[in-house]
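Participant: give me coordinates for this.
(2 chains)
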There are 2 protein chains.
Amino acid sequence: MNYCSNCGSANLSHQVPTGDNRPRIVCGNCGDVHYQNPKIVAGCLPIWEGKVLLCRRAIEPRAGYWNVPAGFLELGETVEEGAMREVWEEAEAKVRLLGLQTVFTFTSYWHVYLQFVGELVDGKFGVGEESTEVRLFAEKEIPWEDIAFESSRFALHRYFEDVKKGVFQLHFGSI
Amino acid sequence: MNYCSNCGSANLSHQVPTGDNRPRIVCGNCGDVHYQNPKIVAGCLPIWEGKVLLCRRAIEPRAGYWNVPAGFLELGETVEEGAMREVWEEAEAKVRLLGLQTVFTFTSYWHVYLQFVGELVDGKFGVGEESTEVRLFAEKEIPWEDIAFESSRFALHRYFEDVKKGVFQLHFGSI
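Facilitator: Coordinates of the predicted model:
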């Protein structure tokens, strides 16, 4: 932020506003306080006949790496809708959400991943615009060294552990 | 947003950027795309000896109404940390988180509530800076007409229903 989005002034500084306890970006001209907040990344790990569906990313960051379908939540949609939309956009697949499985906070990147597990509705999928390749993986086939983000690695490990235990549960992670 | 926060220009308009499928605020001068995203509100319903701890809000919006301790997640903290911080700030209480209980999306206000249920560590609490009154309520004492937000009403109803069933589960709601 170089200019105040309210008045256009360049007179911005980090200050602790009255009644607050953290430094914020404050405009010295109009007094506006510009709060910054973490963003939600909604996603879903699609499963089908014991395998998981991953997408090879066509776009940066981490282009070429495999990922659980996920992306920024949009204004006006629920977390559940965002997760299903992302599976459609990246893998041209419809899922029935089974439950929230991972809450993963990237404390440095200011992203909070909310990832579901969902079953493919009809087993069909394709290669969405943001992907170069989409395929189902059994656990032993997963390219662990080529997973895009720690949130996906975390979710995949926990998922397969839970399948062996015969449970489904929500996991919290952070980095 | 009246001015571009990158270059200070007032030449802003809503356009669908190349490769995107939604209108965004785009600067006609420097080309910056200003994405807007929902904000996370982290909270926790504190419980103690069968009662729940609510705070009467000292600040707008909904000053004077009762609420589950919750507030905007800050940069650099996990969702769990944010929930515990809010309980401390509003109710001067320490909680041991028992689990995520509510994911509630306000689609019009662009807020996503992530609310835990937590047990008071030692039964102690006070009146935090953002509250005018803090107290424990049994179910039959809850001032349902004076609850601040639908997310809190939703979480409280589900919590007491689940207590009667002897289960703990995550609920999704939206408005």
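
Participant: select the longest strand from chain A.
Facilitator: Assignment by DSSP state E gives strand A:95-106 as the longest strand of chain A.

Participant: now the next helix or strand after that one against strand A:95-106, angle please.
Facilitator: Sequence order places strand A:111-120 as the next helix or strand after strand A:95-106, per DSSP states H and E. Calculated by axes from the mean of the first three to the mean of the last three C-alpha atoms, to 10 degrees, strand A:111-120 forms an angle of 160 degrees with strand A:95-106.

Participant: which neighbours does strand A:111-120 have in its sheet, and in what orientation?
Facilitator: If you go by DSSP bridges, strand A:111-120 pairs up with strand A:39-48 (parallel), strand A:95-106 (antiparallel).

Participant: go through these and pick out the most buried.
Facilitator: With neighbours taken as mean count of other C-beta atoms under 10 Å in any protein chain shown, these reach their highest mean count in strand A:39-48, at a mean of 24. Quick note: C-beta positions are derived from backbone N, CA and C, even for glycine.

Participant: now that one: how far from the chain's centre is it?
Facilitator: 7 Å (C-alpha atoms, centre = their mean, to the nearest Å).

Participant: now residue A:142, nearest residue through space, not along the chain?
Facilitator: residue A:156 (6.4 Å; C-beta to C-beta, 6 or more residues apart in numbering or on different chains).

Participant: surely that neighbour is in a helix?
Facilitator: Yes - under DSSP: H, G, I helix; E, B strand; the rest coil, residue A:156 falls within a helix.

Participant: could you check the pLDDT of it?
Facilitator: We have a pLDDT of 98 for residue A:156.

Participant: isn't it right next to residue A:53, touching?
Facilitator: No - contact between residue A:156 and residue A:53 fails when scored by C-beta atoms under 8 Å: they sit 11.3 Å apart.

Participant: please report how far residue A:32 lies from residue B:120.
Facilitator: As judged by C-beta to C-beta, to the nearest Å, residue A:32 and residue B:120 stand 38 Å apart.

Participant: which of the helices or strands spans residue A:14?
Facilitator: Per DSSP H and E, residue A:14 falls inside strand A:12-15.

Participant: spatially nearest residue to the residue located most distally from the centre of chain A (excluding sequence neighbours)?
Facilitator: Distance from the centre of chain A peaks at residue A:29, with 36.5 Å (C-alpha atoms, centre = their mean). Leaving aside its sequence neighbours, residue A:29 sits nearest to residue A:9 (C-beta to C-beta, 6+ apart; 3.6 Å).

Participant: over to residue A:24?
Facilitator: Among residues not flanking residue A:24 along the chain, residue A:33 sits closest, at 5.0 Å (C-beta to C-beta, 6+ apart).

Participant: how about the residues of chain A near chain B?
Facilitator: Residues of chain A lying close to chain B (C-beta under 8 Å from any C-beta of the partner chain) are A:1-8, A:10, A:19, A:22, A:34-40, A:72-80, A:99-100, A:103, A:105, A:107-108, A:110, A:112, A:114, A:129, A:170, A:172, A:174.

Participant: ok, of these, which come out buried?
Facilitator: A:3-6, A:8, A:37-40, A:73-74, A:77-80, A:100, A:103, A:105, A:110, A:112, A:114, A:174 (16 or more other C-beta atoms under 10 Å in any protein chain shown).

Participant: circling back to that earlier point, ok, the residue farthest from the centre of chain A touching residue A:11?
Facilitator: Yes - Residue A:29 is in contact with residue A:11 according to C-beta under 8 Å; the separation is 5.0 Å.

Participant: now for these two: what residues contact both?
Facilitator: Shared contacts of residue A:29 and residue A:11, defined by C-beta atoms under 8 Å, 6 or more residues apart in numbering or on different chains, are found at residue A:4.

Participant: kindly confirm my reading that residue A:71 is in a strand.
Facilitator: Yes - assessed with three-state DSSP, residue A:71 lies in a strand.

Participant: mind listing what it touches?
Facilitator: A:41, A:42, A:43, A:82, A:86, A:89, A:90, A:130.

Participant: how about the fourth one, secondary structure?
Facilitator: Same thing as residue A:82. helix.

Participant: surely it is in contact with residue A:73?
Facilitator: Yes - counting by C-beta under 8 Å, residue A:82 does reach residue A:73; the two are 4.3 Å apart.

Participant: on that earlier part again, which one of the contacts of residue A:71 is nearest residue B:49?
Facilitator: residue A:42 (36.8 Å; C-beta to C-beta).

Participant: coming back round to it: and the longest strand of chain A, how far out from the chain middle?
Facilitator: 9 Å.

Participant: got the contact list for residue A:115?
Facilitator: Shown in contact with residue A:115 (C-beta under 8 Å, 6+ apart): A:42-45, A:68, A:70, A:83, A:100-104, A:151, A:155.

Participant: let's see it at 10 Å
Facilitator: A:41-45, A:68-70, A:79, A:83, A:86, A:100-104, A:151-152, A:154-155, A:159, A:170-171 (C-beta atoms under 10 Å, 6 or more residues apart in numbering or on different chains).

Participant: rounded mean pLDDT for stretch A:96-115, please.
Facilitator: Here the average pLDDT along stretch A:96-115 is 95.

Participant: outline the domain layout of chain A.
Facilitator: With domains defined by automatic domain parsing, chain A comprises A:1-36, A:39-174.

Participant: ranking the ones you listed by mean pLDDT, which is last?
Facilitator: domain A:1-36 has the lowest average pLDDT among those, namely a mean of 93.

Participant: ends of that one, how far apart?
Facilitator: This stretch, domain A:1-36, spans 10 Å end to end (C-alpha to C-alpha, to the nearest Å).
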